[in-house]
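Colleague: Provided below are the primary sequence and the corresponding predicted coordinates.
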Amino acid sequence: MTPPTVRNAPGDPGPGAVDPAVGGVDGVSGSGPTDPAAPGGPVDPAAPGGPVDGSAAVDGIGAAARETRAAAYDSWLATLLPDRPGVALVAVGGLGRRQCAPHGDLDLVLLHDGVPGIDELAASVWYPVWDAKLGLDHSVRTVGEALSVALDDVKVSLGLLDARYVAGDRRLAEELARTALDQWRRTALRQLPALREVTESRWQAHGELAFLLEGDLKEAAGGLRDVGILRAIATAGLTDALRPAVTAAHLRLLDVRDALHRQVGRRVDRLVAQERDGVARLLGLRQPPSDAAQRPAAVGHDGDVLLRRVAGDARTVSHALDDAWRAADRLRVRRRRGVDGRPIRRPVARDVVEHDGELVLARTAIGARPDPVLSLRVAAAAATTRLPIARATCEWLAAYCPPLPSPWPPEARAALVTLLGSGPGLVPAWETCDRYGLVDAWLPEWPRLRSLPQHNPVHRYTVDRHLVQAAAEASRYAREVDRPDLLLIGAFLHDIGKGIAGDHSTVGVPLAEAVAARIGLSPAEVALIGTLVRLHLLLPDVATRRDLDDPVTITRVAEAVGDPSTLDLLHALVRADAAATGPAAWSDWKGRLVAGLVERVRTALDTGALPAPPAPDPALLAEPLPVVQLTEDTVAVAAADRRGLLATVAGCLALHRLEVVSADAATVDGRALVTCRVQPRYGLSPDPVALTADLRRALAGDVSVTQRLRGRTLAARADGAAPRVVWHRDAATDAVVLELRAADAAGLLYRVASALDAAGVEVRAARISTLGGDVVDAFYLVGRGPDDDTRRRLEAAVLAAV
């Protein structure tokens, strides 16, 4: 039988127009009309002849469209089951909830009471579904078997809560739904620990949806799977987990998944980068025009609006689930205590009391004129004690705590510093306050930063979470600096300029200074916060892109920093920023480079002494040529003086999958010396014997090594954004710096060094800085700089090599 064709329900509004800022507490955005430009089309064009094909509106997005698909499936599936007593077809999963995605699977249970021939009957139902090319998760069970499996598998227990009659013996289906619900309510408290363990394993595998550029809408933390857990906890009567904000977030996530299926044309739950703009357009999400009073957003396409909305909804779900787990834990502890057990109640801070494992307000704090600093004190207490704030307390503070005066009183500033300096307790406390809108009352700048994506794979968090994480990481270095309070505030504000056109280190300075002044810092302290924001990238950029043995490098940094105290603050901020960014942003070699730069600059600030050129290893000057020295992270060679030695060495290292971090070339007593700091490109160190042999042959002029490399590097060339060359004429004592900004690729240094050698210039040093998929390679060209014609020729040669 051919399945019926189904149209969208009359009046289905399709995708809603949602406020792209996703601001406020957990606000529910209203739905707007469908984009009038959206063309019409089939509901499920990918499944011709299936249960939902043909001629419905192209949207297929929204609650009404999901209900329509469910009704179509119900009608079609009912025709597949013969009318036999003792047999029922039951839907679970999305179909059971009437939340069918455009290309979702069907989850079906063929329920029976022991009638004969059930396997043949099941085949007669399953095969038409497979023939329609629909995904199917199926089982054949009696009511007793289904309940028994549910007792052993908590995921099955949750699935049966969605059980819904589709066809056949209605009495049997209703018996399963009723008994499964009763069994869950009786056993939920006992089964929740196992469910939590399974859930945390899933989170570990899929990450947090709120902070992923390409998150799984279903499996990641805060996704649709977690809403199912909240529904189960609410069904058990343990807590009111499905509050209006969660329900609204759930519906929006379902809409995003609908639009993603429509955009891709098949079942997919991961919101990949190339589909974001299309999904945003299907949902009617548009970047709002820039306010004339605000600077234009630097990153503002429709896909970012979608990411921010998804992040806000995922955070709402995650926060609700954290609350639900705690409620279940408290109930379990209460039952263990017995009838006479009383919850713990003890004061933890001024106006803050621990009650039953949560922080609540002391009775004396609740009055007609609440203290404006109260919300900050509660947040600081939660962060330092690592106890959650009770939901009712958050709601009361959001409703009744008055705004802080400007400038803040010293007590408020002290509470903020305590909060920022609490280390691991900061993030959960801040997230809770943000969910209830308390942070917006402290910092009017926060809605612009909330859930702002960072389109760089090095960053694992959105901008707002990165700032909070940076402050948490900075607390580890508080004892190394003279002003730990300014370190914490500077770390918290260092990227406040992101999302605004221009260099965020520059445009963020007035924003950070405005916040610093509002919270009551002195003018000198405000200026220092501005300096930390402006220079927070100075140390890593110079350490990885400039020659640290060049006096000009040290002098420039010392002049910019000004004094040792600011240098220490910047050094601590750099490490906190890198830890908050992600593991790809830092490494041992980068830490050593930054520490070496800081040591040199501190010496220059204290004594005025500048670094002397390092003396070459005597062995490189005395042993017979060629000389090859290998250590864990250094390769040093000496050979007869000739052009192209740096390119030759770089080629051998690339052949053995070693990345060059820095390279220095010099000529001493007729010997050409090259020293490279290296690290394995894929984490595995090369065979030192093979590497030494190749280096010796190449240094002796054996071209076969280079020929092997050319084949590999050409195969490994990576596509990326258009490369760019930048010149720095005053960045070195005896050289001009050619800076190449390009996509990373194996053998890139070899190709560029070869091109420069062929152009007739001498490279005395190279510094390689890799960030994600991009590199900034600085080449020190001996001399005071080429003329305009030579410069254009060199640029062309380098870009051609890239």
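Modeller: Perfect, I can see it now.

Colleague: next SSE after the one helix or strand Ile768 maps to?
Modeller: Following DSSP states H and E, one finds Ile768 within strand 763-771. Later in the chain than strand 763-771, the nearest helix or strand by DSSP H and E is strand 774-782.

Colleague: between the helix or strand following that next one and strand 774-782, how many degrees?
Modeller: Downstream of strand 774-782, the first helix or strand assigned by DSSP H and E is helix 788-801. Angle, helix 788-801 to strand 774-782, by axes from the mean of the first three to the mean of the last three Cα atoms, to 10 degrees: 140 degrees.

Colleague: Just the buried positions in helix 788-801, please.
Modeller: Leu794, Glu795, Ala797, Val798, Leu799, Ala801 (16 or more other Cβ atoms under 10 Å). Any C-beta I mention is one placed from the backbone N, CA and C, and that applies to glycine too.

Colleague: try stretch 236-248
Modeller: Neighbour count says stretch 236-248 has Ala236, Leu238, Thr239, Ala241, Leu242, Arg243, Ala245, Val246, Ala248 buried, by 16+ other Cβ under 10 Å.

Colleague: any chance of those residues in a markdown table, plus distance to Val628, secondary structure and pLDDT?
Modeller: Below are those laid out as a markdown table (distance: Cβ to Cβ, whole Å; DSSP: H, G, I helix; E, B strand; the rest coil; pLDDT from 0 to 100):
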| residue | distance to Val628 | secondary structure | pLDDT |
| --- | --- | --- | --- |
| Ala236 | 69 | coil | 91 |
| Leu238 | 68 | coil | 86 |
| Thr239 | 68 | coil | 85 |
| Ala241 | 65 | coil | 85 |
| Leu242 | 68 | coil | 89 |
| Arg243 | 68 | coil | 90 |
| Ala245 | 65 | helix | 93 |
| Val246 | 64 | helix | 95 |
| Ala248 | 66 | helix | 96 |
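
Colleague: hey, where'd the helices end up in the stretch 351-500 of the chain?
Modeller: 374-385, 391-400, 410-420, 426-435, 438-442, 446-449, 463-474, 484-493 (DSSP state H, counting those that start in this stretch).

Colleague: export the ones you listed to CSV and tack on mean pLDDT and mean neighbour count?
Modeller: As requested, those are exported to CSV (pLDDT from 0 to 100; neighbours: other Cβ atoms under 10 Å):
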stretch, mean pLDDT, mean neighbour count
helix 374-385, 96, 25
helix 391-400, 94, 18
helix 410-420, 97, 21
helix 426-435, 96, 22
helix 438-442, 96, 20
helix 446-449, 95, 18
helix 463-474, 97, 24
helix 484-493, 97, 25
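
Colleague: Nearest to Leu655 among those would be which one?
Modeller: Among the helices of the stretch 351-500 of the chain, helix 463-474 comes nearest to Leu655, with 37.7 Å by Cβ to Cβ.

Colleague: outside of that closest one, which residues touch it?
Modeller: Contacts with helix 463-474, where a contact means Cβ atoms under 8 Å, 6 or more residues apart in numbering, come from 210-211, 420-424, 426-427, 430-431, 434, 446, 449-454, 459, 461, 487-488, 490-496, 498-499, 572-573, 575-577, 579-581.

Colleague: Shouldn't Val166 be within a strand?
Modeller: Yes - assessed by DSSP: H, G, I helix; E, B strand; the rest coil, Val166 belongs to a strand.

Colleague: you'd agree it is up against Val92?
Modeller: No - applying Cβ atoms under 8 Å, one finds Val166 not in contact with Val92, separated by 10.2 Å.

Colleague: Strands along the stretch 551-700 of the chain, start to end?
Modeller: Ranges of strands in the stretch 551-700 of the chain, per DSSP state E, counting those that start in this stretch, are 627-630, 634-640, 658-668, 671-680.

Colleague: List of residues touching the longest one?
Modeller: Pointing back at strand 658-668 there. 544, 547, 549, 589, 593, 616, 621, 633, 635, 641, 645-646, 649-650, 653, 672-681, 686, 691, 749, 762-768, 770.

Colleague: ditto for the last one
Modeller: Residues external to strand 671-680 that are found in contact with it (Cβ under 8 Å, 6+ apart): 587, 589, 616, 620-621, 625, 633-642, 645-646, 649-650, 653, 657-667, 686.

Colleague: Show me the strands paired with that strand, marking each as parallel or antiparallel.
Modeller: Partner strands for strand 671-680, per DSSP bridges, with pairing direction: strand 634-640 (antiparallel), strand 658-668 (antiparallel).

Colleague: Rebuild the helices of the stretch 351-500 of the chain as a markdown table, extending it with distance to Thr790.
Modeller: Conversion of the helices of the stretch 351-500 of the chain to a markdown table gives the following (distance: least, Cβ to Cβ, whole Å):
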| stretch | distance to Thr790 |
| --- | --- |
| helix 374-385 | 59 |
| helix 391-400 | 65 |
| helix 410-420 | 52 |
| helix 426-435 | 53 |
| helix 438-442 | 55 |
| helix 446-449 | 46 |
| helix 463-474 | 42 |
| helix 484-493 | 43 |
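
Colleague: Out of these, which gets nearest to Thr607?
Modeller: helix 484-493 (25.2 Å).

Colleague: Where does pLDDT dip in the stretch 201-350 of the chain?
Modeller: 288-301, 335-341 (pLDDT under 70).
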